[in-house]
Structure formats: C-alpha cells, structure tokens
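**Student:** Have a look at this prediction, sequence included:
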Amino acid sequence: MTAGRIGIMAAMPPELQAVLDLMPDEHRETLAGRHFWPGRLAGNDVVAVVSGIGKVAAATTATLLIERYGVQALLFTGVAGGLGDGVRVGDVVAANQLMQHDLDVSPLFPRHEVPGYGLSRFTADPTWQGRLSQAARTTLNHRVQHLGQKAVNDFGLAHARVHEGLIISGDRFVATSAESDALRRELPDALAVEMEGAAVAQVCLDCGVPFAAVRTISDRADDSAHVDFNRFVSEVASRYSAAMVLACLQARQPAH
C-alpha cells in the first residue's frame with residue numbers, strides 16, 4: 001500500500017506534545033473520547049493522536065485511525081523501559097519485531113502465540129522501520145541541539161545509542177527488578193518493554209497498513225523506573241519523538 005495520510009500515535013499527552021508543536025495548522029477533533037489532530041507535517045498529510053495507555057486503548061485508537069481517518073501508514077513513538085544488555089536511559093529502540101509478553105493461551109497454543117495467526121511476533125514494515133532508525137540516528141547525533149547541554153548532562157545522554165530489535169508489550173507497568181529480570185530470562189532478545197506497540201502492530205497487520213515504532217528509553221524497568229519520569233518525558237523523550245518523526249517524514253516523498 002502506498003502511504004498517503006500517516007497516523008502518528010503516542011500513549012500519553014506529554015509524549016506527543018512536541019510533535020503537535022510542529023503542526024501549526026493542526027485542529028482538534030474528538031472521537032470515542034480521544035483527541036485527534038489532523039494537519040500537515042514536513043509536507044505530509046498526518047493525523048496525530050494520544051491513544052491512552054495499554055493494549056486495548058492502543059488497538060481501539062489504531063482502528064479509528066485506519067477506519068475513520070484513512071491512514072495508510074502508522075507510526076508509534078514514546079517511551080519504554082530498557083531490558084536488553086547495553087540498552088540505557090536515553091537510548092532509542094526502533095522495533096523490527098513486536099510481541100505481547102503477557103499473552104498465554106497455553107496449553108491450547110504455545111505461550112505468546114496469538115491464536116489464529118500462527119505467530120507470536122509481528123514484524124514492523126521494513127521501509128518505515130528503516131526510515132525511523134535512520135531518523136533516530138540523526139536525532140541522537142544532534143542531541144545537544146534538540147535537548148540542550150544541561151539535559152544531556154543531567155540525564156547522562158552523551159553516549160546515547162540507537163538499537164534495533166524486539167520490543168515487547170504487556171498490560172502492566174514493569175517497575176521492579178524482579179519483573180524485568182523475569183522478562184529477560186524468558187525473552188532474552190527483548191530490548192525494551194512498553195504497553196501498546198504489539199497491539200497496534202496486530203491491528204495494522206489485520207488491515208494491511210504499514211506500521212513502525214520507535215521508543216526512547218526512560219528507565220531500566222526496575223525499582224528506579226519512576227525516578228524523574230515526568231521530567232524525562234517532557235525534556236527528552238517528547239523532543240526526541242518530534243525530531244525523529246520529522247526526520248522520518250522528511251525522508252519520504254510526500255503523496256500528491
């Protein structure tokens with residue numbers, strides 16, 4: 001499917017705010033209790049929306065974007081907890097696969113397998129994932145320009161890196177070392193954990209819509225996961241999201 005209108009999703013308002021700041025012609029519409037902002041960004045027709053937290057909220061929002069707004073590609077951005085070795089606060093993870101870590105219909109199906117699909121992992125669209133990965137690298141290469149030196153120093157972002165791999169989703173906020181250690185043992189290749197991406201990936205597969213996701217690591221999904229979270233989202237993750245989405249869309253030839 002050739003991408004025309006593009007959906008841009010985040011779970012929480014602060015994650016999306018810097019994206020909205022780049023859309024001077026956006027206007028707010030309310031549907032199913034959610035605020036949608038149609039507008040233009042980097043010459044592209046886009047609709048930005050806050051999905052709400054969790055897989056059901058995200059799946060509902062993705063379906064509305066596709067069915068009511070006609071988006072033909074969907075990008076998800078925001079924060080996640082780091083799991084993989086070397087995935088640190090301030091790093092960025094671009095998903096090439098997404099799965100639900102809390103889905104278990106065994107013994108009817110293997111653990112994590114989605115009934116009716118014969119798979120447990122959903123693959124991100126390689127073209128959009130490639131654009132987002134490159135956009136993330138460009139953003140991190142200019143991190144001081146986007147964030148300011150104080151934020152880089154305060155959050156220890158001088159050596160932030162981009163990772164590509166598996167992001168896992170589940171309907172609980174992973175905030176203890178015991179939980180994150182258990183996830184690492186069960187899914188050793190998982191780089192990050194959040195609460196929405198795999199559900200959106202499943203909706204997009206059902207509807208034949210390309211999907212890609214990029215997450216800024218806000219914490220290590222452990223006992224310190226709540227420390228400075230709100231400040232990190234507003235001062236780092238939201239600005240990264242805006243820069244990455246903008247660079248990704250600039251790399252695409254807008255539809256005419």
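**Tutor:** Cool, got the structure.
**Student:** just the strands in the stretch 101-250 of the chain please.
**Tutor:** With DSSP state E, counting those that start in this stretch applied, the stretch 101-250 of the chain shows strands at 121-123, 162-169, 190-194, 211-219, listed in chain order.
**Student:** Quick one: list the elements packing against the shortest one.
**Tutor:** Packed against strand 121-123, as judged by 3 or more Cβ pairs under 8 Å, 6 or more residues apart in numbering; DSSP states H and E, are the following elements: strand 92-100, helix 197-207. Quick note: C-beta positions are derived from backbone N, CA and C, even for glycine.
**Student:** quick one: which of the strands of the stretch 101-250 of the chain is nearest residue 72?
**Tutor:** Closest approach to residue 72 among the strands of the stretch 101-250 of the chain (Cβ to Cβ): strand 211-219, 11.0 Å.
**Student:** Okay, now the sheet partners of that closest one, with direction.
**Tutor:** With DSSP bridges as the test, strand 211-219 is paired with strand 73-82 (parallel), strand 92-100 (antiparallel).
**Student:** how big is the angle separating that strand from helix 197-207?
**Tutor:** Strand 211-219 and helix 197-207 meet at an angle of 180 degrees, taking axes from the mean of the first three to the mean of the last three Cα atoms, to 10 degrees as the criterion.
**Student:** Just the buried positions in strand 211-219, please.
**Tutor:** With burial defined by 16 or more other Cβ atoms under 10 Å, the residues of strand 211-219 counted as buried are 211-219.
**Student:** swap in stretch 145-152?
**Tutor:** Within stretch 145-152, the residues that qualify as buried by neighbour count (16+ other Cβ under 10 Å) are 146-147, 151-152.
**Student:** same deal with stretch 45-60?
**Tutor:** Within stretch 45-60, the residues that count as buried by 16+ other Cβ under 10 Å are 45-55, 57-60.
**Student:** What of stretch 238-256?
**Tutor:** By neighbour count, with 16+ other Cβ under 10 Å as the criterion, the buried positions of stretch 238-256 are 238-249, 252.
**Student:** What of stretch 123-134?
**Tutor:** Buried residues in stretch 123-134 (16+ other Cβ under 10 Å): 124-125, 128-134.
**Student:** cool, stretch 89-103 as well?
**Tutor:** Taking 16+ other Cβ under 10 Å as the basis for neighbour counts, the residues of stretch 89-103 that come out buried are 89-101, 103.
**Student:** Mind picking the one among the buried residues of stretch 45-60 that's closest to residue 21?
**Tutor:** Distances from residue 21 to these, taken as Cβ to Cβ, are shortest for residue 48 (10.7 Å).
**Student:** Is that closest one in contact with residue 8, as I believe?
**Tutor:** Yes - using Cβ atoms under 8 Å, residue 48 is in contact with residue 8, at 4.4 Å.
**Student:** Overlap in contacts, those two.
**Tutor:** When Cβ atoms under 8 Å, 6 or more residues apart in numbering defines a contact, the residues bordering residue 48 and residue 8 alike are 16, 19.
**Student:** Quick one: list the elements packing against the helix or strand of the chain with the lowest mean pLDDT.
**Tutor:** When the helices and strands of the chain are scored by mean pLDDT, DSSP states H and E, helix 229-232 comes last with a mean of 85. Using 3+ Cβ pairs under 8 Å, 6+ apart as the contact definition, the elements that helix 229-232 packs against are strand 211-219.
**Student:** With just CA atoms, put the strand it packs on into PDB.
**Tutor:** Output in PDB follows, covering the C-alpha atoms of strand 211-219 (Å, rounded to 0.1, in the frame of the first residue of the first chain):
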ATOM      1  CA  PHE A 211       3.500   0.000  10.900                       C
ATOM      2  CA  ALA A 212       6.700   1.100  12.700                       C
ATOM      3  CA  ALA A 213       7.600   2.100  16.200                       C
ATOM      4  CA  VAL A 214      10.400   3.900  17.900                       C
ATOM      5  CA  ARG A 215      10.800   4.300  21.700                       C
ATOM      6  CA  THR A 216      13.100   6.400  23.800                       C
ATOM      7  CA  ILE A 217      14.300   4.500  26.900                       C
ATOM      8  CA  SER A 218      13.100   6.400  30.000                       C
ATOM      9  CA  ASP A 219      14.200   3.800  32.600                       C
END
